[in-house]
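Enquirer: need a 3D model of the sequence below.
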Amino acid sequence: MNNALNRFVKLSVSQNKQRGNLAVIYTRVSSKDQADYNGSLETQLNACNKYAESKKLNIGKHFGGTYESAKSDKNRKEFTSMLKYVNKNKSIGSIIVYSLDRFSRTGSKASSLIDDLKDKGIEIISVLQPYDTALSSGILTRDMVMMVSHFENQQRREKCVTGMVDKLRKGFWPLGLPKGYRNLKPGLSCDQHKYEITPEGKLIRKAFKMKSIGISNREICKKLGALGLSISENHLSEYLSNPFYMGYISSRLISGEIYKGHYPPIVSEKIFLQVNPNILNSEQKTRKQIPEQMELPLKGFLKNETDNTAFTGYISQKGSIPYYKTKLGKPININARKVNTAFSELLDHFCVDKKHTDRLKKKTLELLEIKLKDKTTELTLAKRKLKEFELKLEKVEEKFIDDKISQEVYTKHQSKIQTEIDKQQAIIQESLLNSSNPEKLAEKVSEISENLSNLWASSDFSAKRRLQELLFPEGIYISKENRTVRTFRVNTLFAEIPELMGVSEQNKKGESEYKLEFPRQVELKGLQQYFF
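Expert: Reported below is the predicted structural model:
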């Protein structure tokens, strides 16, 4: 009768999930120095093997044998591999460790993990701290050991963090070095470290310089890849925004604080702030909020007639007023808003009343027949010159990126070369436009001319540039002595409009402080037209 009832006997969870006689051994130390020099791993392994032999446990596999911090179990590769192995292999009944703090230092999390393993029939055996989890006192002993290990770890971390914060505030870097630097004195405290810029760091400097002159992240990554530094666009953005590269220390450990570091910067503060305008001071931010391009569409397009230098532009700090200026020859400083108004008024001379559009279309077609005969040579020459100037600009950029010229020298040459590039592009644009379908072109000229002044005033920066360069391919020249502005070339498709509209030679008066003059007769070549 008793034998018949045995099949109804209930087993405990541990009995029900009892595994085989195989065990695994896990050993670890916290740092590389411990792994290399103090012999702790060998001591742990010998003690675990002797324990297994005394208990007649067969060892299925060894794990660890290296340095892994136990403050977080998620980032321990060997530890994670061991857990996967014992969960997968039903013959494994125990994990042998030298001491419980070798298994984990995560306190209650470690105790919970040990309980989960026990429910699966896997026992954690500590050689130095034997305990019997069948008894509540044994579980209490285990949990106390785990909590003490966790407490010690937290204390050690707090002391370490306090020390690191102190070093950071003094300008020393106690953390992992960013890409581009090498520590020449490893093993010493961070206040004795000596950093040098590596070849990778020099390429990162090139990246900053490329970004400062407007090269896109994608193109920068491509160029860096060709030079041997493979980097994604996302990582490039992180590098370009890291103040460490301009010689300043910032860290989450000192949230909201930044300090000058004791190491060589990869880039200057000036270039770093150009690449990262969002971290400029409040005064600079206010100035940057003004859309400089929209305020200065004639920059580079205006030229000093005395020495043929192109006008630059700036926004004044006081009053945020835009100005066009030249430094060479006799300095000229002109309120950009007044000049823009005068230029817009000038464009009124090239506006056509709708009742004259048929006459304009007819005249445009006649001009096209004349111009198309000799445009091929002009277009070829302009394309060749454009390529030459683009190559010059590339060489100047490369010299700046390679630290062969200063930013000031680069800016000076870049401005002059870009002016020539714009000029050739305008000639090419005009040539291509003139060589397209004549009827459609005549229609387009008529459409533009009906409202040219308002069209320019309401367009964005790029559209403004295209319109003004289409109308005056060589730009316009200012003479301070004569207070005049004139051009030496007007697009012949628009040059007939003032005559067509019967423009008066009498000065046109407006709110601008400059006067506009325009002759009745408009010639096709070599014409000088006085604007104001």
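
Enquirer: all helices of the stretch 51-200 of the chain, in order?
Expert: 77-88, 100-103, 108-119, 136-169, 199-212 (DSSP state H, counting those that start in this stretch).

Enquirer: could you dump these to TSV with mean pLDDT?
Expert: Compiled in TSV, the helices of the stretch 51-200 of the chain are given as follows (pLDDT from 0 to 100):
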stretch	mean pLDDT
helix 77-88	89
helix 100-103	82
helix 108-119	81
helix 136-169	70
helix 199-212	91
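
Enquirer: return the most buried member of those.
Expert: With neighbours taken as mean count of other Cβ atoms under 10 Å, the helices of the stretch 51-200 of the chain reach their highest mean count in helix 100-103, at a mean of 24. From N, CA and C alone the C-beta is placed, and that goes for glycine too.

Enquirer: show me how far it is from its chain's centre.
Expert: Relative to the centre of its chain, helix 100-103 is centred 44 Å away, using Cα atoms, centre = their mean, to the nearest Å.

Enquirer: Glu68: neighbouring residues, count only.
Expert: Look at Glu68: counted by other Cβ atoms under 10 Å, it has 22 neighbours.

Enquirer: from Tyr131, how far out is the closest residue to it other than its chain neighbours?
Expert: Sequence neighbours aside, Arg76 is the residue nearest to Glu68 in space, at 4.4 Å (criterion: Cβ to Cβ, 6 or more residues apart in numbering). With distances taken as Cβ to Cβ, to the nearest Å, Arg76 is found 23 Å from Tyr131.

Enquirer: how about Leu113?
Expert: In this structure, Leu113 and Tyr131 are separated by 16 Å, where distance is defined by Cβ to Cβ.

Enquirer: quick one: Ile334 is in a helix?
Expert: No - using DSSP: H, G, I helix; E, B strand; the rest coil, the secondary structure at Ile334 is strand, not a helix.

Enquirer: in this structure it contacts Pro322, no?
Expert: No - with the criterion set as Cβ atoms under 8 Å, Ile334 and Pro322 do not qualify as a contacting pair; they are 9.9 Å apart.

Enquirer: re earlier: local confidence estimate at the residue nearest to Glu68?
Expert: The predicted structure scores Arg76 at 81 on the pLDDT scale.

Enquirer: Gly214 now?
Expert: On pLDDT, Gly214 comes in at 84.

Enquirer: quick one: which helix or strand includes it?
Expert: Secondary structure assignment for Gly214, by DSSP states H and E: no helix or strand.

Enquirer: what's the local residue count around it?
Expert: Burial of Gly214, expressed as a neighbour count using other Cβ under 10 Å, amounts to 9.

Enquirer: measure it to Asp460 for me?
Expert: The span separating Gly214 from Asp460 equals 17 Å under the rule Cβ to Cβ.

Enquirer: and for Thr326?
Expert: Between Thr326 and Asp460 the distance is 26 Å, computed by Cβ to Cβ.

Enquirer: and the spatially closest residue to Leu175 that is not a sequence neighbour, how far from Asn304?
Expert: The shortest distance from Leu175 to any non-neighbouring residue, by Cβ to Cβ, 6+ apart, is to Ser251 (6.9 Å). Taken as Cβ to Cβ, the spacing of Ser251 relative to Asn304 amounts to 51 Å.

Enquirer: between these two, which one's more packed in?
Expert: Neighbour totals were compared for Ser251 and Asn304, and Asn304 leads with 21 against 16 (other Cβ under 10 Å).

Enquirer: doesn't Thr312 make contact with that one?
Expert: No - applying Cβ under 8 Å as the test, Asn304 and Thr312 come out as separate, 10.8 Å apart.

Enquirer: what touches both of the two?
Expert: By the contact definition Cβ atoms under 8 Å, 6 or more residues apart in numbering, Asn304 and Thr312 are jointly contacted by Thr326.

Enquirer: which residue ranges of the stretch 251-400 of the chain form strands?
Expert: Taking DSSP state E, counting those that start in this stretch, the strands of the stretch 251-400 of the chain run over residues 259-260, 302-304, 312-315, 322-326, 332-335.

Enquirer: got the contact list for the third one?
Expert: When contacts are defined by Cβ under 8 Å, 6+ apart, strand 312-315 is touched by residues 287, 290, 292, 295-296, 299-300, 321-327, 336, 415.

Enquirer: narrow those to those that are buried.
Expert: Glu292, Glu295, Leu296, Lys299, Gly300, Pro322, Tyr323, Tyr324, Lys325, Thr326, Ala336 (16 or more other Cβ atoms under 10 Å).

Enquirer: and the residues you listed as CSV, adding distance to Arg489?
Expert: Written out in CSV, the entries for these read as follows (distance: Cβ to Cβ, whole Å):
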residue, distance to Arg489
Glu292, 28
Glu295, 26
Leu296, 23
Lys299, 20
Gly300, 17
Pro322, 27
Tyr323, 26
Tyr324, 21
Lys325, 24
Thr326, 21
Ala336, 23
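
Enquirer: and those residues as JSON lines, adding pLDDT and distance to Ala226?
Expert: Putting the buried ones among the contacts of strand 312-315 into JSON lines (pLDDT from 0 to 100; distance: Cβ to Cβ, whole Å) gives the following:
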{"residue": "Glu292", "pLDDT": "54", "distance to Ala226": "33"}
{"residue": "Glu295", "pLDDT": "82", "distance to Ala226": "38"}
{"residue": "Leu296", "pLDDT": "87", "distance to Ala226": "35"}
{"residue": "Lys299", "pLDDT": "86", "distance to Ala226": "33"}
{"residue": "Gly300", "pLDDT": "83", "distance to Ala226": "31"}
{"residue": "Pro322", "pLDDT": "88", "distance to Ala226": "40"}
{"residue": "Tyr323", "pLDDT": "86", "distance to Ala226": "41"}
{"residue": "Tyr324", "pLDDT": "84", "distance to Ala226": "39"}
{"residue": "Lys325", "pLDDT": "84", "distance to Ala226": "39"}
{"residue": "Thr326", "pLDDT": "79", "distance to Ala226": "39"}
{"residue": "Ala336", "pLDDT": "85", "distance to Ala226": "41"}
